[in-house]
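Engineer: structural data only, the sequence is not supplied:
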């Protein structure tokens, strides 16, 4: 079946603009994660959705970052008033559930803020 | 706080030269330890999950082992196509997060 998809694959934006990044998880996966990966850094957890539960937003670096998940499927990560330090690869992953299940990652969105 | 440290940061091997990658972790109760492979420009690809000390899993030239403080990814007779960054992650019983290490960049020279 289809894997996790993300769009766009690349996004170049000017400082101060808002951006939206999209993630389509694997069908049937109830858990969805967003991560940020900067050069030379590990994956930084941003937010976690599980079914209809309230999301775990503990990793969001500032209130400029927000995410939603509609209908338990597609998720959108929004970054408002982008800054140069937001430049990174944003990865989405989905998994079967809340347990210690392996995550399946999308190809990522490379965000460049100029 | 849960933490993962991987070593070495980079490793160059001749084709056929076996070696091991290390993942040291601290976690408040281990739910699972995960190994991923990441190729340039792509998302991480799942390799293994280990749940308890003493557990081992194998896949082709890769074998993952787990103790109470660290995990090893053993690569036997590597080939150039094994070149990638290998990531280790843990999930504990507190919270929903997976904690990732910064990875080991493996280059296998023909």
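Structural biologist: Nice, thanks for sending it over. Treat the numbers as computed from the prediction; the structure is a model and nothing was measured.
Engineer: list the contacts for residue 103?
Structural biologist: No chain was given, so I picked chain A. Residues near residue A:103 by CB atoms under 8 Å, 6 or more residues apart in numbering or on different chains: A:31, A:33, A:93-95, B:34, B:44, B:46, B:98. Glycine gets a C-beta too; all of them are placed from N, C-alpha and C.
Engineer: nope, chain B
Structural biologist: A:42, B:6, B:9, B:38, B:85-88 are the contacts of residue B:103 under CB under 8 Å, 6+ apart.
Engineer: restricted to strands, list those.
Structural biologist: Of the contacts of residue B:103, the ones assigned to strands by DSSP state E are B:6, B:38, B:85-88.
Engineer: out of those, flag the one nearest to chain A.
Structural biologist: Chain A lies nearest to residue B:87 out of these, by CB to the nearest CB, at 7.3 Å.
Engineer: hmm, the closest one is touching residue B:38, no?
Structural biologist: Yes: between residue B:87 and residue B:38 there is a contact under CB atoms under 8 Å: 5.9 Å.
Engineer: give the residues shared as contacts by the two.
Structural biologist: Going by CB under 8 Å, 6+ apart, residues that sit against residue B:87 and also against residue B:38 are B:44, B:103.
Engineer: count of neighbours near residue B:40?
Structural biologist: Applying other CB atoms under 10 Å in any protein chain shown, we find 8 residues neighbouring residue B:40.
Engineer: ok, it to chain A distance?
Structural biologist: 11 Å (CB to the nearest CB, to the nearest Å).
Engineer: distance check, that residue against residue A:108.
Structural biologist: 11 Å (CB to CB, to the nearest Å).
Engineer: against residue A:27, how distant is the spatially closest residue to residue A:30 that is not a sequence neighbour?
Structural biologist: Using CB to CB, 6 or more residues apart in numbering or on different chains and skipping the chain neighbours, the partner closest in space to residue A:30 is residue A:51 (4.7 Å). Per CB to CB, residue A:51 is found 14 Å from residue A:27.
Engineer: what of residue B:91?
Structural biologist: 23 Å.
Engineer: got the contact list for the residue sitting furthest away from the middle of chain B?
Structural biologist: The C-alpha centroid of chain B is most remote from residue B:110, which lies 22.5 Å away (CA atoms, centre = their mean). Contacts here follow CB under 8 Å, 6+ apart; on that basis residue B:110 touches B:15, B:80.
Engineer: coming back round to it: which of residue B:91 and residue A:27 has more residues huddled nearby?
Structural biologist: Per other CB under 10 Å, whichever of residue B:91 and residue A:27 has more neighbours is residue B:91, with 23 against 9.
Engineer: part of a strand, is that one?
Structural biologist: Yes: assessed with DSSP: H, G, I helix; E, B strand; the rest coil, residue B:91 lies in a strand.
Engineer: what is it paired to in the beta sheet?
Structural biologist: Bridge pairing for residue B:91 (DSSP bridges) gives the partners residue B:32.
Engineer: buried stuff in the helix or strand of chain A with the lowest mean pLDDT?
Structural biologist: Scoring the helices and strands of chain A by mean pLDDT, DSSP states H and E places strand A:43-50 at the bottom, with a mean of 94. Neighbour counts over strand A:43-50 (16 or more other CB atoms under 10 Å in any protein chain shown) mark A:43-50 as buried.
Engineer: same question, stretch A:21-31
Structural biologist: A:21, A:23-26, A:29-31.
Engineer: other SSEs contacting the least confident helix or strand of chain A?
Structural biologist: strand A:31-37, strand A:65-69, strand A:75-79 (3 or more CB pairs under 8 Å, 6 or more residues apart in numbering or on different chains; DSSP states H and E).
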